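Novice: The following comprises the amino acid sequence and a computationally predicted model.
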Amino acid sequence: MDAKELRLRRVVFVGLGSRGDVQPLAVIAARLVAEGGAHSVLVTHRELEAVVAAVAPSLELRLIDAPCFLGDHHDLTRPLCVVDTEGRRRREWVAVTKLARDADVLVANLFSLPPCIHLAEKIAVPIVVCTPCLVPYACPDGFEAAFRDEMPELSAALDREMLCITWDDIKSWLWPLWTHRHGLFREHYLQLPTCPLIDATGAAEDTWAKRPHGEPAFIVGVDSRFVEVGREMCSAAVETTGEGEGAATAAEPSPPRRWALPQRSRVVGFWSQPIAPSPTKLDLDFAEPPVFVSFGQMVGLLGEADSLSLLTAVRDAVRACGKPAAVQWPHWIDDPGTMVRLPSDVPHAALLPQCCAAIHHGGIGTVAACLRAGLPQVIHPLAFDQPYNAAVVDRLGVGVAAPELSDIGPALARALEAAISERASAWAADTTHSDPVGDACAVIRERLDGGLGSVDSGVHRRGGGVSAHGDADLGTTTLRRAVVCKLGDGMEVRAPSASEAAWVHNEIFTDRCYTPPGIRVWPGMTCVDVGGGVGLFALFALKVLRASAITTIEPAPVSFGLCVGNLAGHLGEAPPAVADGVATLRNGSIRVHNVAADAAARKGSMLFFPWLPSNACLTEHAEAKRAHLRADGALNPEIAEYLLDGEEEVGVECLALSELLPAKSVSLLKVDVEGHEAAVLAGVADADWPRIQQVAMEIHSDALLAVCTQLLSRHYCTVWHVKQDIPGHWLLYATRDPKRLPTSPAADTPR
């Protein structure tokens, strides 16, 4: 392969989670940069910028503002937050997909796996999962049975080994991809089929095999001796209890039940920088080597009261052993005893060689650092893979697990005994894995070389560079576009959001929200559609009402284009040319105007949601619209972040409605303008009201209902409204025929 061509390839690493989750990816990325021939980028949390810069100063960073943890107890009490089956990190997923979409190869850790594995499918590139810990979320009980019941064809394909992945892959680590929140992300943001490897009909389709190296590679940055001991412990627990979890004892704690290691994974050893003398000089006056104490970023999840309780237990433990302690902690206590507080940014390389033991939370990065330094360790695990790490360290005899606060003191006394200290020193001297970082880079390069065809595939386009502060310029790469939406009656339209199109279609075609009892319809009527969207009401007027003339008014350029295209498609016509903002179809009987109806002519602007176009509104209503969509229950909160992403402001022409009305009598005026209803009605000249026979409009606040009802009551003898399920939303109707009274039981008293 030509070296110049290889240098153009981009490997995007996405590291989310704590320092221990992200730093190993930075080490691998830095090594890839140093070896040359590939452009490496790391997407990570802004708060870890300094941490990453310390190990990879030349690495290009793209930073997101989402916190490493959500900052409350949920990340401790719900270990599945690693794969986020609850969908609590929707904004983070969106941010990642925007910053990683120009990858030729994606490299993810477990915290970034949810968005990255779906993104890799979307842009058709290989993905490598590099995890510095074992998978702490094995398949839940009952998952396989439910999977087989709901997806029989995919299950059969897996049974027959017809796909690029296996049952073991799914049950050991990929199973979250088929859960509800992942499906929402795929469908509503990435516009992928709801479930991986299943097409729209429910049939199994090995879409992953269509890209180079279709199956995800899984590399584990853990020492193989560490893994094998864990396997033995879990096997023994199964034999003893019939389950995956044995009874924990003070002498021998049991690993957690829910951990997994995929059969096809590659275990390469701990990822870390080469040990070198630290340039940092510690200005501390210890009479003897201290005990190193740090619980990393986990302390922030405990809350101040719990973290101080933990620190107090540590103080009592080191005091009882007569040892000083070098402590990295965000809070402090009034009586620290023999503890000395250190800055949190002092690296392990500067501290651990000067210490006699360590007390920590059991994060795999700290475990590995202590093992490399030959330091006996006491582990008080808090969450995630930490109980497993504590149990294995205890079984290996290089440290002691302390599951409870009261265990820390006795555990430290044991760890300081000669036998454990000697085993810890022996571990550091035994190098089983010669080059774990190089092994990971080799797998990534294999994927990089095998993915050459993706650059010119048309699936994605390369963008520009990104500053160290994450200000991305990714060119014209797009993740979403208008798709063909198949609606309930067999109708097909192009729209940015299939779910929104289905919603609007149901309102118009099934619920008849604009043509309820009381509104008269007949073949050959003339309809004016203000707020046409992608053309669904115009299609209703054309196909159901059999209108002879339709005028549609839609200011948003994207929706206008889709509206014209949808109408042309259903008429069997070629999309017409647009002249002076007007598209004409069916020999001039259908006209679509790219303007906004208003009280008078003016230049205006509107807030447009590319993936929720029916909620576009003029900018004077923007704040009310945002509040409504995010807080009033108008959208399922699980998909709101996806549908509202990428809002933009666009300039529009505004004209008084009277200037847009057809010359003939209007049978039905339909209005849906997201808060601008009163201005639209004010744009009808007094001379034009007599030739508008009926009105049906959506109202977006109680105040607007009063204003519009009063105005219509001056021109129509029958006016009534119906409250919608969405807060503050109404349907308002008016007709000139006093005999056309509404018969719907949901209608309020006519005026």
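Specialist: Nice, I can see it.
Novice: what pairs with Gly651 across the strands?
Specialist: Ser605 (DSSP bridges).
Novice: Against Gly604, how distant is it?
Specialist: For Gly651, the distance to Gly604 (CB to CB, to the nearest Å) stands at 7 Å. Glycine gets a C-beta too; all of them are placed from N, C-alpha and C.
Novice: Quick check on those two: which one has the bigger neighbour count.
Specialist: Neighbour totals were compared for Gly651 and Gly604, and Gly604 leads with 18 against 11 (other CB atoms under 10 Å).
Novice: who's in contact with the nearest residue to that one once chain neighbours are set aside?
Specialist: Closest residue to Gly604 apart from its sequence neighbours, by CB to CB, 6 or more residues apart in numbering: Cys654 at 4.5 Å. Contact partners of Cys654, counting by CB atoms under 8 Å, 6 or more residues apart in numbering, are Pro555, Val595, Ala596, Ala597, Asp598, Ala600, Ala601, Arg602, Lys603, Gly604.
Novice: Is the fifth one bridged to anything, and to what?
Specialist: With beta bridges defined as DSSP bridges, Asp598 has these partners: Ala656.
Novice: That one contacts Met606, correct?
Specialist: No: contact criterion CB atoms under 8 Å: Asp598 and Met606 do not qualify, at 11.0 Å.
Novice: if I look at these two, which residues touch both of them?
Specialist: Counting by CB under 8 Å, 6+ apart, the residues touching both Asp598 and Met606 are Leu618.
Novice: Find the residue at the geometric middle of this protein.
Specialist: Trp93 (2.2 Å; CA atoms, centre = their mean).
Novice: my guess is that residue meets Pro114, correct?
Specialist: Yes: taking contacts as CB under 8 Å, Trp93 lies within contact range of Pro114: 6.2 Å.
Novice: hang on, the earlier thing: backbone dihedrals for the residue nearest to Gly604, please?
Specialist: Taking degrees, to the nearest 10, you get phi -120, psi 140 for the backbone angles of Cys654.
Novice: do you know how far it is from Ser344?
Specialist: Distance from Cys654 to Ser344, by CB to CB: 56 Å.
Novice: Please identify the buried residues of the helix or strand hosting His118?
Specialist: If you go by DSSP states H and E, His118 is part of helix 113-123. Using 16 or more other CB atoms under 10 Å as the test for burial, helix 113-123 gives Leu113, Pro114, Pro115, Cys116, Ile117, His118, Leu119, Ala120, Glu121, Lys122, Ile123.
Novice: did I read that right, Thr44 in a strand?
Specialist: Yes: counting by DSSP: H, G, I helix; E, B strand; the rest coil, one finds Thr44 located in a strand.
Novice: Next one: the residue nearest to it when sequence neighbours are not counted from Gly531, what distance?
Specialist: Closest residue to Thr44 apart from its sequence neighbours, by CB to CB, 6+ apart: Gly15 at 4.6 Å. With distances taken as CB to CB, Gly15 is found 45 Å from Gly531.
Novice: again with Val327
Specialist: Distance from Val327 to Gly531, by CB to CB: 63 Å.
Novice: could you pull out the helices for the stretch 551-700 of the chain?
Specialist: 557-571, 622-631, 637-643, 677-682 (DSSP state H, counting those that start in this stretch).
Novice: between these, which gets the lowest average pLDDT?
Specialist: Per-segment mean pLDDT for those reaches its minimum on helix 637-643, at a mean of 79.
Novice: So which elements touch that one?
Specialist: Where contact means 3 or more CB pairs under 8 Å, 6 or more residues apart in numbering; DSSP states H and E, helix 637-643 is packed against helix 90-100, helix 180-185, helix 498-505.
Novice: try 7 Å
Specialist: Applying 3 or more CB pairs under 7 Å, 6 or more residues apart in numbering; DSSP states H and E, one finds that helix 637-643 contacts helix 90-100, helix 180-185.
Novice: returning to what we had before: parallel or antiparallel, which strands does whatever helix or strand comes next after the helix holding His118 pair with?
Specialist: On the C-terminal side of helix 113-123, the closest following helix or strand by DSSP H and E is strand 127-131. With DSSP bridges as the test, strand 127-131 is paired with strand 105-108 (parallel), strand 217-220 (parallel).
Novice: got those as TSV, with mean pLDDT and mean neighbour count columns?
Specialist: Formatted as TSV, those follow (pLDDT from 0 to 100; neighbours: other CB atoms under 10 Å):
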stretch	mean pLDDT	mean neighbour count
strand 105-108	96	29
strand 217-220	92	23
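Novice: so can I have CSV of these showing distance to Phe69?
Specialist: CSV is the format used below for the strands paired with strand 127-131 (distance: least, CB to CB, whole Å):
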stretch, distance to Phe69
strand 105-108, 18
strand 217-220, 23
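Novice: Tell me which of the ones you listed lies nearest to Asp199.
Specialist: Asp199 sits nearest to strand 105-108 of all the strands paired with strand 127-131, at 23.2 Å, using CB to CB.
Novice: thinking in terms of the whole chain, how far from its middle is that closest one?
Specialist: The gap between where strand 105-108 is centred and where its chain is centred comes out at 16 Å by CA atoms, centre = their mean, to the nearest Å.
Novice: repeat for stretch 147-165
Specialist: 26 Å.
Novice: Can you get me a residue count around Asn652?
Specialist: You called it Asn, but residue 652 is Val. That count, for Val652 with other CB under 10 Å as the rule, works out to 22.
Novice: so how far is Gly581 from it?
Specialist: On the measure of CB to CB, Val652 and Gly581 end up 10 Å apart.
Novice: Just the pLDDT at Trp15, thanks.
Specialist: If you look again at residue 15, you'll see it is Gly, not Trp. 96.
Novice: Mind listing residues that contact the helix or strand harbouring Ile444?
Specialist: Element membership for Ile444, per DSSP H and E: helix 436-450. Under the criterion CB atoms under 7 Å, 6 or more residues apart in numbering, residues 1, 9, 11, 27-28, 31-32, 35, 38, 104-105, 107, 126, 128, 130, 212-213, 217, 219, 221, 266, 268-271 lie in contact with helix 436-450.
Novice: which sections of the stretch 451-600 of the chain are below the confidence cut-off?
Specialist: 451-478 (pLDDT under 70).
Novice: cool, the stretch 151-300 of the chain as well?
Specialist: For the stretch 151-300 of the chain (pLDDT under 70), the answer is 200, 212, 234-260, 273-284.
Novice: Quick one: the strands in it, in order.
Specialist: Using DSSP state E, counting those that start in this stretch, the strands of the stretch 151-300 of the chain run over residues 217-220, 266-267, 291-294.
Novice: Next: the stretch 601-750 of the chain.
Specialist: 602-608, 617-618, 648-656, 668-671, 694-699, 718-723, 730-735.
Novice: Among those strands, which comes closest to Ala424?
Specialist: Judging the strands of the stretch 601-750 of the chain by CB to CB, what sits closest to Ala424 is strand 648-656, at 57.8 Å.
Novice: Quick one: mean pLDDT for that closest one?
Specialist: The average pLDDT for strand 648-656 rounds to 96.
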